[in-house]
Every structure is written in C-alpha cells, then in structure tokens.
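Participant: quick one, structure for this:
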Amino acid sequence: MTTPTLFDLAFTLAAPFWALLILAPGWRWTDRIAASPLPMVPVLAVYLALAVPVFPQLWAAVSRPDLAGFQELLRLGGGAGAIWAQVIAWDLFLGQWMYREARELSIPPLVMGPLLLLTVLLSPLGVLLFLALRAATRRLRRPGATPRHPAGPAAKQRT
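Facilitator: Below is the predicted model of the structure:
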C-alpha cells in the first residue's frame, strides 16, 4: 500500500467508531465497543506500516526531540503519516475514555456529541473542555455538596 493510501486509511478506520460515540451513544454495542481497546488496533497497524520504513528517523526525532528533527521527520511521507496515525489512535483512545466517563457521570449525549466532535478535530481543546465539564459535574454530584448561594455566605445567614 502506498503512503498516501495508508495516511487516508488511518482516519477511515477510526471514523466508524467516532460515529458510534457521537451518533449512537445509547446503543448497547456502543458501550461495549467504547470499553474495548480493539478499535485502536487497526489504526495502530497502519501506524506500524508507516513507521517501520522510517524508523531510524522516527527514533531520532522522539529520542532527542527538537523542532528540526520533527520537521525532518514530517518531510518524509511515512514520517508524517506515522505521526498522523499515532494522533488518530490517541484521539480515539481519548474519545473512548471521554465517552465512558460521560456515561458514568450521566453527562447528556447532546452535550457530549459536540465535545467528541471537537476532540476528533482538535483534541487538546475538546479534552480540556471535557475535563472542565467533568470536574464541574463531579463537584456538583459530591455527597453533601450544596450549590453556593449567588450572593455568598453572608446573604445566606440573613435569610
């Protein structure tokens, strides 16, 4: 298979799983699939197919990271493709984790759908927003937690 084909294949293999997480969150098979590491395996196989031919350059870039080394790696089709496949696999891992956490915390699918879509496109932003939502949800669900009065504690005591 050619490098461009493998590059395209990385996302193509992950897309159906993202579709399940976003579009079919209540389906029981989605829960089972999201709990499994297997959806990442085909993407990781693409990673290996792209990484093995450029392994010396890949190893040089990751073992002594500097900008010039990564720029050199990205100039190689297989290097850019390997990094892309790694990102796709990692994003899918994050998406599956976010999905499971959201189900456990009863975060509505209408909230999670856009967050998962943002994670597919720009994972750092999606994950940061999810972490903030997760923290807020946990704080509100803590036993004994009471919502703060908008006017503060002093206003509470006067009533």
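
Participant: C-terminal to the lengthiest helix in the chain, what's the next element?
Facilitator: Longest among the helix segments of the chain by residue count, using DSSP state H, is helix 77-104. Read in the C-terminal direction, the helix or strand following helix 77-104 is helix 109-121, with elements assigned using DSSP states H and E.

Participant: just how off-centre is the longest helix of the chain within its chain?
Facilitator: Here the centre of helix 77-104 is set off from its chain's centre by 5 Å, with Cα atoms, centre = their mean, to the nearest Å.

Participant: what is it packed up against?
Facilitator: Using 3 or more Cβ pairs under 8 Å, 6 or more residues apart in numbering; DSSP states H and E as the contact criterion, the elements in contact with helix 77-104 are helix 3-23, helix 28-34, helix 40-51, helix 55-63, helix 67-75, helix 109-121, helix 123-141. For every residue, glycine as well, the C-beta is placed using N, CA and C.

Participant: need those helices in CSV with distance to A89 and mean pLDDT, can you?
Facilitator: Below are the helices and strands packed on helix 77-104 laid out as CSV (distance: least, Cβ to Cβ, whole Å; pLDDT from 0 to 100):
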stretch, distance to A89, mean pLDDT
helix 3-23, 7, 96
helix 28-34, 15, 95
helix 40-51, 4, 97
helix 55-63, 15, 95
helix 67-75, 17, 93
helix 109-121, 13, 97
helix 123-141, 11, 95
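
Participant: tabulate the ones you listed (a markdown table), appending mean neighbour count and distance to L94.
Facilitator: A markdown table is the format used below for the helices and strands packed on helix 77-104 (neighbours: other Cβ atoms under 10 Å; distance: least, Cβ to Cβ, whole Å):
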| stretch | mean neighbour count | distance to L94 |
| --- | --- | --- |
| helix 3-23 | 18 | 11 |
| helix 28-34 | 14 | 12 |
| helix 40-51 | 19 | 11 |
| helix 55-63 | 15 | 20 |
| helix 67-75 | 13 | 21 |
| helix 109-121 | 17 | 6 |
| helix 123-141 | 14 | 6 |
